[in-house]
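Engineer: what's the 3D shape of this:
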Amino acid sequence: MAEAHALLFAYCETPVHAGTGRSVGTVDLPIQRERITGYPVVQASSVKGVLRAMTTPNEAEANDAERHRAVFGPDDPTKAHEHAGALQVTDLSVVLFPVRSLAGVFAWTTSLPALARLARLAALAGVSLDWSIPEQGPDSDVAWVAVQSALSIPTAEGSSVVLEEFSFTAKTSSADFVEQLGGWLAENALPAGEEYGWWKRNLTSHLCVLHDDAFRDFVQYGTEVEAHVRLDSGTKTVAQGALWTTEAVPAETLFAGLLAATRSRYPRVKKDGYSLLRWLTQRLDGKRTRIGGDETTGRGSVALRVVQGGGQRG
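Structural biologist: The predicted structure is shown next:
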């Protein structure tokens, strides 16, 4: 039974390819997705491997090395049977998904189901929210926006939001919810560094809440698909069978998941879950790491943020 919990946010600074291997579909190397919703995810096994690698102590940090084994389990895979690690990790689920906008360049889109998942994770982590999910979401042709939204375009009938080639009626009737949500995410989900000042100031004005189906369509069909080729050195044409496509979640996507820790099962470390999770989050909060493939071509850079209950971070 886990003793301590925390929210883990991962903000994509470059496109992220957390892949599933070869596919028989239109994209050769697709990203990981939930089977039921089609939402992009980063599976827990990938997340845990990344966290383990980025927190591995050096040779001079003997005490940290022992705690690292307590958190993640034995370093040697052949000794995995000796004891389980204390850390429990969930999949990273999408919270905000960027979509091209006619006004404001791009919008951070979300939906009530995606936000309800975040609220559920926050409740498990003991993190208080200053916003709550409305009983009813926007209609299929409506986008909820803030009063001073950068996405709104004046029209004869009122205001519109144009995302890709789709037009939505901009509604400010739920502006309080949008502004509370945007303010909370800017303060808690985005990294605290000065380089994120612009993003924090503009998150609310570029945020819109869409109908469930509209959001699902954007996350399914609004990802980046790149063509890759390998040339024959002699003819400088594409080598036989060396043309393939790769899918990636676009930069500016926000994911969220849950971290939990049990009491140590490693005999050399007698620590409870609170102590172990505190040790881990101090090494994660505000740090950058790589998730997924294509690292050598700049893919997979994410900034992490950890939020614990009671307003205590890290």
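
Engineer: which residues sit in contact with the spatially most central residue of the chain?
Structural biologist: Closest residue to the average C-alpha location of the chain: residue 255 at 1.5 Å, with CA atoms, centre = their mean. Each residue near residue 255 by CB atoms under 8 Å, 6 or more residues apart in numbering is listed here: 9-12, 41-42, 92-95, 302. From N, CA and C alone the C-beta is placed, and that goes for glycine too.

Engineer: ok, whichever helix or strand it is part of: who's next to it in the sheet?
Structural biologist: Using DSSP states H and E, residue 255 falls within strand 254-261. Note on strand 254-261: by DSSP bridges, its sheet partners are strand 4-12 (antiparallel), strand 87-89 (antiparallel), strand 92-100 (antiparallel).

Engineer: any chance of those in JSON lines, plus distance to residue 175?
Structural biologist: Putting these into JSON lines (distance: least, CB to CB, whole Å) gives the following:
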{"stretch": "strand 4-12", "distance to residue 175": "24"}
{"stretch": "strand 87-89", "distance to residue 175": "35"}
{"stretch": "strand 92-100", "distance to residue 175": "18"}
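
Engineer: I'd like these as a markdown table, with mean neighbour count and distance to residue 52 appended.
Structural biologist: Below are these laid out as a markdown table (neighbours: other CB atoms under 10 Å; distance: least, CB to CB, whole Å):
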| stretch | mean neighbour count | distance to residue 52 |
| --- | --- | --- |
| strand 4-12 | 24 | 14 |
| strand 87-89 | 19 | 8 |
| strand 92-100 | 22 | 15 |
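
Engineer: for those strands, which one sits closest to residue 171?
Structural biologist: Residue 171 lies closest, by CB to CB, to one member of those: strand 92-100, at 17.3 Å.

Engineer: centre of the chain to that closest one, how far?
Structural biologist: 7 Å (CA atoms, centre = their mean, to the nearest Å).

Engineer: contacts made by that strand with the rest, please.
Structural biologist: 8-10, 34, 39-42, 47, 106-110, 114-115, 117-118, 163-164, 185, 189, 207, 215, 218-219, 222, 249-257.

Engineer: pull the CA atoms of that strand into PDB?
Structural biologist: Extracted C-alpha coordinates of strand 92-100, given in PDB (Å, rounded to 0.1, in the frame of the first residue of the first chain):
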ATOM      1  CA  LEU A  92       1.300  10.000 -18.400                       C
ATOM      2  CA  SER A  93      -2.100  11.200 -19.800                       C
ATOM      3  CA  VAL A  94      -2.600  14.200 -22.000                       C
ATOM      4  CA  VAL A  95      -4.000  17.300 -20.300                       C
ATOM      5  CA  LEU A  96      -3.300  20.100 -22.800                       C
ATOM      6  CA  PHE A  97      -2.800  19.600 -26.500                       C
ATOM      7  CA  PRO A  98      -1.700  22.400 -28.900                       C
ATOM      8  CA  VAL A  99      -3.600  23.000 -32.000                       C
ATOM      9  CA  ARG A 100      -2.900  25.600 -34.800                       C
END
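
Engineer: thought residue 145 was touching residue 208?
Structural biologist: Yes. Between residue 145 and residue 208 there is a contact under CB atoms under 8 Å: 5.0 Å.

Engineer: common neighbours of these two, please.
Structural biologist: Common neighbours of residue 145 and residue 208 (CB under 8 Å, 6+ apart) are 151, 161, 170, 178.

Engineer: now the two most distant members of those.
Structural biologist: Across these (CB to CB), the longest gap, 11.9 Å, separates 161 and 178.

Engineer: identify the contacts common to these two.
Structural biologist: 145, 208.

Engineer: neighbour-wise, which of those two wins?
Structural biologist: Using other CB atoms under 10 Å as the criterion, residue 161 and residue 178 rank with residue 161 on top: 27 against 24.

Engineer: wait, is that one part of a strand?
Structural biologist: Yes. If the criterion is DSSP: H, G, I helix; E, B strand; the rest coil, then residue 161 is within a strand.

Engineer: which ones are touching it?
Structural biologist: Residue 161 touches 101, 103, 107, 143, 145, 149, 151-153, 167-170, 208, counting by CB under 8 Å, 6+ apart.

Engineer: any idea how far residue 16 is from the residue nearest to the centre of the chain?
Structural biologist: 9 Å (CB to CB, to the nearest Å).

Engineer: which residues are in contact with each of these two?
Structural biologist: What both residue 255 and residue 16 touch, as defined by CB under 8 Å, 6+ apart, is the set 42, 302.

Engineer: what sits up against stretch 38-47?
Structural biologist: In contact with stretch 38-47 (CB under 8 Å, 6+ apart) are residues 8, 10, 16, 18, 31-34, 89-94, 97, 114, 216, 219-220, 223, 249, 253, 255, 257, 291-292.

Engineer: what's the burial count for the residue nearest to residue 1 when sequence neighbours are not counted?
Structural biologist: Leaving aside its chain neighbours, residue 1 sits nearest to residue 262 (6.7 Å; criterion: CB to CB, 6 or more residues apart in numbering). Neighbourhood size, residue 262 [other CB under 10 Å]: 19.
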